[in-house]
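Visitor: Sequence first, then the predicted structure, then my questions.
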Amino acid sequence: MHAKTKDRQQRLIVVSNRLPVSLERDDGGYIYNPSVGGLATTLNAVREEMDMLWLGVPGIHEDNPEQQAKISKRLSDEFGSVPIFLPGKQFDLYYNGFSNGSIWPLFHYFPQYAHYDHLEWQAYQEVNARFCEKVLEVALPGDTIWVHDYHLLLLPAMLRESLPDAAIGFFLHIPFPSYEIFRMLPWREEILKGLTGADLVGFHTYDYARHFLSSLLRIQGLEQDFGRVTVGDRAIKVDTFPLGVDINRYSTAHEMPEVKHELEALRQQVGEHKVILTVDRLDFSKGIIQRLNAFEKFLSRHPDWLGRVTMLSLLVPSRTRVPEYQNLKSQVDELIGRINGQLSQPGWAPITYLYRSVPFEQLIALYLMADVTLVTPLRDGMNLVAKEYLISRPDGTGVLVLSETAGAAAELGEAIIVNPHNEEMLVEALHQALEMPLEEQQARNATMRARLRRYDTERWADDFLSQLAKVQEVRRLHLPKRLQGKLKQELLQAYDGAERRLLLLDYDGTLVPFAPTPKRAKPDEELIAVLTPLACDPKNTMVIISGRDAETLDDWLGEVGMDLVAEHGAMVRHADQKQWEQIDEDFTDDWKEQLRPVFEMFVDRTPGALLEEKGRALVWHYRRADPGLGSQRAVELIDTIEGYIANTSLHILQGHKVVEVKPSTVSKGRAAHPWLSAKPPFDFILAVGDDVTDEALFEVIPESGWTVKIGVPERSKARYFLSDPDEVRSLLKELN
Ligand code: GDG
């Protein structure tokens, strides 16, 4: 696995709500039980290759500091774990309150069960901050930090504040709901901000990643490019990592003597009937009532199955003190009681029901005995039971009926896929499953088993950690450096020591922030006050090099005393001249007549978009359009005009929310040429810009010059970056 290639010293800090060790009180002391299954076994493979430290709550409340110290020592020595002790009340508000009373129902598409309470939200923030403190206590430079699940959605950003360069990953084990659901959350901005503190945010399925990206766009205005999102001055990645099962553990478990023993005992108990198995926590997201109703209907429609099939339901108790869960438990009891009461025959009951959790060996025996496993949650992040069932059976038989709303359905398309709300479909699926010939079962399962073997737990962890390392590497190798501290001092010194200085400045997005319409980005008084003294300094040559038209630049900046370059280099006016000159005089503008109607059509089809006509260019702006629609139309527009301009010397330029067509001979790099080749040469050159058009400028600046990209940190030809126009203005003020 990837970790093998890494330095042994490298360390992984895993942070989750619960530690992979459960403590049980025993005679004033504690018994320590390592948890099997779940994330703990998944990460065991990583533990072998990297140093690993795990932080989380130990599953008991202990207020006595002496006891806490004892527990911490033992967990650290024997389990590589660091416990976080929380006061009982605070834990309750954070865990049962916000995590399971707000996030869990909402993210599983049960907004009607979600409540929003300020005290719970406050406790959630406090606990996330407490986790952050604890991580900061133990983290060393170079550690990779991997945060898990919905209890800790704020933690990545909290960590980022103190550890700006650390590798921080986050994985969500439950669904990320569609934007329309997510937006209901009163603290949606804070949650998104929390998550974007990570370098890599991982989900089980593409749909969850898509929903997250669309919430980022619609709520935070953050755009994505193949899952890459620029957040402030960092690039983060959003991607899909479907969690698998520990193949070795499940595929060999049937050989264990305890499993064989359990299987015999179960057989005796249930008899020689066919078995339909269900395994769930007792939770409203699992579709338990719908499933029971469908089973009852199946038996009434197919009475030949009466006495020949048993539904064996393992319902694992969950949140037993929460009223909604108590209520669900009563409903389930009542329904099972009614069905069994009405349909049972001597020696046979339709439903056998266990309300507890069982040891691993017994769970495997259940998988081995089940002719059919029904996994029909109304929503489920992934659902590992479906995968474990398929891997546990040595002969590859068995039928899996799987909900389309479980994450696992994205990978297990050969199962009988059902809509869990559609009772008729469930009834039909049960019938099909019970009648399915063994060869068909094996053929369907073979494909799924092969897929599960390829993407097992080890591969999952490996994939996530490699991607995380890659995001970090891209940042280190390719991204411009923030122009601050020592670097900035160097720039200021170089400026002070120079006799002939050239400042090439872009306008929109560099000196002023973007405005809703181009006309509104007029320079304010502060900007003029910053630029004027610089322009008056006889050692300086100032050039505004912009995509704007000549008239606007004249109007807005004509009096400051700077050279002006308009339309990305099509027109130029030196500070000491009145007239604009056209660079590349020979080029005609006839093409505009042909393309204008195309642009106009796209303005009409896209509410909020507008057409700007410059001397040498046509520009389609979509800043005020719906973000999704705008991006889609931009692609269509480019597609359309590409056909028109093939074999001409026009080219298409895509900038910040603009699509521009102009002669390809025009570029900011070309426009800068006369200054860059001036004699005697300039001994200090500063080029600042935010857009793709500025890349052509950065490209031609000599090594000794200072190239600064605004609002990065994507790959750029610039060597440095600043976040926004405010930071550019501060720099220019310092030059004054
Ligand atoms: C979250 C997401 C996502 C169950 N009963 C017993 C028992 N189990 C084991 C199963 C399986 C696990 O518990 C349950 O699997 P889930 O997939 O439902 O996992 P959760 O951790 O509850 O839920 C879920 C998952 O995270 C992983 O990302 O798939 O969608 O909600 O491994 O075998 N094990 C034993 N006795 C039981 O009675 N020994």
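Guide: Looks like it arrived, so ask away. Residues are numbered from 1 along each chain as shown.

Visitor: For burial, what's the neighbour tally of the nearest residue to residue 100 once chain neighbours are set aside?
Guide: Spatial nearest neighbour of residue 100, excluding adjacent residues (Cβ to Cβ, 6 or more residues apart in numbering): residue 319 at 6.3 Å. The way it works is simple: take the backbone N, C-alpha and C, and place the C-beta from them, glycine included. Other residues within reach of residue 319, judged by other Cβ atoms under 10 Å, total 18.

Visitor: CA atoms of stretch 370-385 as CSV?
Guide: Extracted C-alpha coordinates of stretch 370-385, given in CSV (Å, rounded to 0.1, in the frame of the first residue of the first chain):
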residue,chain,number,x,y,z
ALA,A,370,-29.6,-16.4,4.6
ASP,A,371,-31.0,-17.4,1.2
VAL,A,372,-31.9,-13.8,0.8
THR,A,373,-30.6,-10.6,2.5
LEU,A,374,-32.9,-7.6,2.5
VAL,A,375,-31.0,-4.3,2.8
THR,A,376,-33.8,-1.8,2.2
PRO,A,377,-32.9,1.4,4.1
LEU,A,378,-34.8,4.6,3.0
ARG,A,379,-31.3,6.2,3.1
ASP,A,380,-27.9,4.9,4.0
GLY,A,381,-24.4,6.4,3.5
MET,A,382,-23.0,3.1,2.2
ASN,A,383,-24.2,-0.1,4.1
LEU,A,384,-21.6,-2.6,4.8
VAL,A,385,-24.0,-5.5,5.6
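
Visitor: Begin at 95 from now on, thanks
Guide: OK, 95 is where the count begins now, so the last one is stretch 464-479.

Visitor: Rounded mean pLDDT for that stretch, please.
Guide: The average pLDDT within stretch 464-479 is 97.

Visitor: same check, this time on stretch 564-582
Guide: 82.

Visitor: got it, and stretch 789-805?
Guide: Mean pLDDT, computed over stretch 789-805, is 92.

Visitor: SS state for residue 803?
Guide: Assigned by DSSP: H, G, I helix; E, B strand; the rest coil, the conformation of residue 803 is strand.

Visitor: who touches it in this structure?
Guide: By Cβ atoms under 8 Å, 6 or more residues apart in numbering, residue 803 lies in contact with 574, 783-784, 788, 792, 810, 812, 814-816.

Visitor: Tell me which of those fall in strands.
Guide: 783, 814-816 (DSSP state E).

Visitor: so how far is residue 453 from residue 307?
Guide: Noted for residue 307: a distance of 41 Å to residue 453, by Cβ to Cβ, to the nearest Å.

Visitor: Between these two, which has more neighbouring residues?
Guide: Neighbour tally, residue 307 and residue 453, criterion other Cβ under 10 Å: the higher count belongs to residue 307, 19 against 11.

Visitor: Now do the more buried one against residue 502, distance only.
Guide: Using Cβ to Cβ, residue 307 is found at 22 Å from residue 502.

Visitor: go on, residue 276?
Guide: 22 Å.

Visitor: And the two? Which one has more around it.
Guide: Per other Cβ under 10 Å, whichever of residue 276 and residue 502 has more neighbours is residue 502, with 28 against 20.

Visitor: Am I right that the more buried one is in a strand?
Guide: No. Residue 502 is assigned helix when assessed by three-state DSSP, not a strand.

Visitor: So it sits against residue 480, correct?
Guide: Yes. With contact defined as Cβ atoms under 8 Å, residue 502 reaches residue 480; the gap is 4.6 Å.

Visitor: what touches both of those two?
Guide: By Cβ under 8 Å, 6+ apart, the residues touching both residue 502 and residue 480 are 469, 496.

Visitor: Residues in contact with stretch 490-498: which ones?
Guide: So stretch 490-498 is contacted by 381, 461, 464-472, 474, 477, 480, 483-484, 502-503, 506, 509-514, 520, 523-524, 527-528, 530, 532, 535-536, 538-540, 542-543 (Cβ under 8 Å, 6+ apart).

Visitor: Same question for that stretch: list its buried residues.
Guide: Buried residues in stretch 490-498, counted by 16 or more other Cβ atoms under 10 Å: 490, 492-497.

Visitor: Identify those among those residues that sit within strands.
Guide: 493-497.

Visitor: show me which of the residues you listed neighbour the ligand.
Guide: When Cβ under 6 Å from any ligand atom is applied, no member of those is adjacent to the ligand.

Visitor: Could I get these in a markdown table, plus columns for distance to residue 385 and pLDDT?
Guide: Output for these, formatted as a markdown table (distance: Cβ to Cβ, whole Å; pLDDT from 0 to 100):
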| residue | distance to residue 385 | pLDDT |
| --- | --- | --- |
| 493 | 15 | 98 |
| 494 | 14 | 98 |
| 495 | 10 | 98 |
| 496 | 12 | 98 |
| 497 | 10 | 98 |
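
Visitor: Strands of the stretch 395-544 of the chain, residue ranges please.
Guide: Using DSSP state E, counting those that start in this stretch, the strands found in the stretch 395-544 of the chain span residues 403-410, 445-449, 466-469, 493-497, 510-512.

Visitor: strands paired with the third one, and their directions?
Guide: It refers to strand 466-469. strand 368-375 (parallel), strand 493-497 (parallel) (DSSP bridges).

Visitor: where does that strand sit relative to the chain's centre, distance-wise?
Guide: A distance of 31 Å separates the centroid of the chain from that of strand 466-469, by Cα atoms, centre = their mean, to the nearest Å.

Visitor: With the first one instead?
Guide: Relative to the centre of its chain, strand 403-410 is centred 36 Å away, using Cα atoms, centre = their mean.

Visitor: in that strand, what counts as buried?
Guide: Residues 403-409 are the ones in strand 403-410 that count as buried (16+ other Cβ under 10 Å).

Visitor: CSV for those, including pLDDT?
Guide: Shown next, in CSV, are the buried residues of strand 403-410 (pLDDT from 0 to 100):
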residue, pLDDT
403, 97
404, 96
405, 97
406, 96
407, 96
408, 96
409, 96
